[in-house]
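**Student:** Sharing a sequence plus its predicted fold:
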Protein chains: 2
Amino acid sequence: MSRLFKEQGVGIVQMTYNTRNLVGSGCYESRDDGLSDFGHEVVAEMNRVGMLCDLSHVGAQTSRDVILASKKPVAYSHCLPAGLKAHPRNKSDEQLRFMAEHDGFVGVTMFPPFLAAGNDATIDDYVAAIDYIVNLVGEERVGFGTDFTMGYGAKFFEYLNRDKGYARQLTEIWDVKFPDGLGSIADFPNLTAAMERAGWSETKIRRIMGENWLKLLEAVW
Amino acid sequence: MSRLFKEQGVGIVQMTYNTRNLVGSGCYESRDDGLSDFGHEVVAEMNRVGMLCDLSHVGAQTSRDVILASKKPVAYSHCLPAGLKAHPRNKSDEQLRFMAEHDGFVGVTMFPPFLAAGNDATIDDYVAAIDYIVNLVGEERVGFGTDFTMGYGAKFFEYLNRDKGYARQLTEIWDVKFPDGLGSIADFPNLTAAMERAGWSETKIRRIMGENWLKLLEAVW
């Protein structure tokens, strides 16, 4: 099955999306007893065909199990640190360190509801969040993970915000406003400028802007 | 969703089949952390439309959660006691009592791999297994649950014996021989005779033969 998806171009798969699925539990599920037996087979097959296991929306125990089960690096492709704001979708220092200790990768999102300032967050708040994670895992394991969802309307977000697309509502997140000067991937030059403002070296900027991602995907794919 | 199935005539649903699904964990799954949040919604909806929750192939913790969550009686529709043979598919005395204490029902299967004598089991072994359960839960909560799978070939059993129909093999059960004189539902008169041989009263025989089932389904449907 994984092979078929891979042939169709799917190179990254979220192991669970917020709730329980056949593989494990999501970050909004009440209980998480980890990767299912079937999930272990899925990880092995994704390793074999070269697909990246993404743990952004995955529960803590399932994340841990995938990190341990995978023979290739895995990632939180888009997350923020719980150290800056407590939220079920954010990752604790311990989780971020565990990811790094097992050769994993952290993509950092600027999704405002997961930042302390919420919809008032600025582009500099985002850069500070990246730095928070760099301080934990090093500048060679970090990249962007925008969480931009471009070209979708209210119906799509209603679908995303319900378990299985139609069951219980999962969050109160409806109104999302990305930081000024960071509304789409066309605005990335503003991000480079913010990194320069933060005093980052060119090497660090290049790594976070994309070099680290390319290295990761080369290793996994 | 449940309403749609109910309208199509589905009155009993196995909450999980042997392994993990969106609702909970099965009896062959390594870990069972119980009913998922979605599963709680499924039980509520099945209660509402009048579908029986069946826990025969369900893991211990998920079974417990469903028994506690359901506002209507639930059932092990076809099982055997672990007290007569230790097996992941068999139910412990504690589980059987817990079912009875919560107004539940136990259908007893004569599936030979779950009986101590295996394929050598006789029709009298089956009646003894029913009595074992009657002694635990009383004669008003017990019925047949044959587990006859008639008219299917090897391909179907290969499907049943793999997680999701195609993943890992779950059991070594391939060769199944039902007791002599008990090969299909056409043989039920032999079962009545065996019950009489065991010295059962007519009331008890009538209850186990079907009256208890009818009472249960009336209450749930």
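**Tutor:** Right, received. Where do you want to start?

**Student:** can you tell me the helix or strand for the closest residue to chain B within chain A?
**Tutor:** Closest residue of chain A to chain B, C-beta to the nearest C-beta: residue A:33 (3.3 Å). Where C-beta positions appear, they are placed from N, C-alpha and C, glycine not excepted. Using DSSP states H and E, residue A:33 is not contained in any helix or strand.

**Student:** Quick check: pLDDT value at it.
**Tutor:** Listed pLDDT for residue A:33 reads 88.

**Student:** ok, it touching residue A:25?
**Tutor:** Yes. At 7.1 Å, residue A:33 counts as touching residue A:25 under the criterion of C-beta atoms under 8 Å.

**Student:** Between the two, which contacts overlap?
**Tutor:** Taking C-beta atoms under 8 Å, 6 or more residues apart in numbering or on different chains as the contact rule, residue A:33 and residue A:25 both touch A:61, B:33.

**Student:** re the thing from before, measure how buried the residue of chain A closest to chain B is and give me the count.
**Tutor:** 22 (other C-beta atoms under 10 Å in any protein chain shown).

**Student:** List phi and psi for the residue most central in space within chain A.
**Tutor:** Residue closest to the average C-alpha location in chain A (C-alpha atoms, centre = their mean): residue A:78, at 2.2 Å. Dihedral pair for residue A:78: phi -150, psi 110, per degrees, to the nearest 10.

**Student:** same thing with residue A:133?
**Tutor:** For residue A:133, the backbone dihedrals (degrees, to the nearest 10) come out as phi -80, psi -40.

**Student:** if we can go back for a sec, for the residue lying closest to the residue nearest to the centre of chain A once chain neighbours are set aside, what are its contacts?
**Tutor:** Excluding the flanking residues, the one nearest residue A:78 by C-beta to C-beta, 6 or more residues apart in numbering or on different chains is residue A:145, at 2.9 Å. Counting by C-beta under 8 Å, 6+ apart, residue A:145 makes contact with A:56, A:76-79, A:107-109.

**Student:** For these, pick the one with the most neighbours.
**Tutor:** Most neighbours among the contacts of residue A:145, by other C-beta under 10 Å: residue A:79, with 30 neighbours.

**Student:** Which pLDDT value goes with the residue nearest to the centre of chain A?
**Tutor:** For residue A:78, pLDDT reads 97.

**Student:** same check, this time on residue A:1
**Tutor:** Residue A:1 is assigned 66 on the pLDDT scale.

**Student:** Next: residue A:157.
**Tutor:** Taking residue A:157 on its own, its pLDDT is 89.

**Student:** surely it meets residue A:170?
**Tutor:** No. Counting by C-beta under 8 Å, residue A:157 does not reach residue A:170; the two are 11.4 Å apart.

**Student:** which one of these two has more residues nearby?
**Tutor:** residue A:170 (19 against 14).

**Student:** Can you tell me the closest non-neighbouring residue to the more buried one?
**Tutor:** Using C-beta to C-beta, 6+ apart, the closest residue to residue A:170 is residue A:28 (4.9 Å).

**Student:** And residue A:107, by the same measure?
**Tutor:** Closest to residue A:107 by C-beta to C-beta, 6+ apart is residue A:145, at 2.7 Å.

**Student:** just residue A:131 next, same as before
**Tutor:** Distances taken as C-beta to C-beta, 6+ apart place residue A:198 nearest to residue A:131, at 6.9 Å, with adjacent residues excluded.

**Student:** Now do the contacts for the one you found.
**Tutor:** By C-beta under 8 Å, 6+ apart, the contact list for residue A:198 reads A:124, A:127-128, A:131.

**Student:** do residue A:143 as well
**Tutor:** Here residue A:143 is in contact with A:105-108, A:207-210, A:212-213, A:216 (criterion: C-beta under 8 Å, 6+ apart).

**Student:** Please identify which helix or strand holds it.
**Tutor:** Residue A:143 belongs to strand A:142-144 when elements are defined using DSSP H and E.

**Student:** Which stretches in chain A count as strands?
**Tutor:** A:12-14, A:52-54, A:75-79, A:105-108, A:142-144 (DSSP state E).

**Student:** nearest to residue B:189, of those?
**Tutor:** With distances scored as C-beta to C-beta, the stretch of the strands of chain A nearest to residue B:189 is strand A:12-14 (55.4 Å).

**Student:** So what are the sheet partners of that closest one and their directions?
**Tutor:** In the sheet, strand A:12-14 lines up against strand A:52-54 (parallel) (DSSP bridges).

**Student:** what does chain A have sitting close to chain B?
**Tutor:** Residues of chain A lying close to chain B (C-beta under 8 Å from any C-beta of the partner chain) are A:19-22, A:25, A:29-34, A:36-39, A:41, A:163-164, A:167-168.

**Student:** Make a PyMOL selection of the buried ones in the residues you listed.
**Tutor:** Only the buried entries of the residues of chain A next to chain B go into this PyMOL selection, using 16 or more other C-beta atoms under 10 Å in any protein chain shown:
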select buried, chain A and resi 19+20+21+22+25+29+32+33+34+36+37+38+39+41+163+164+167
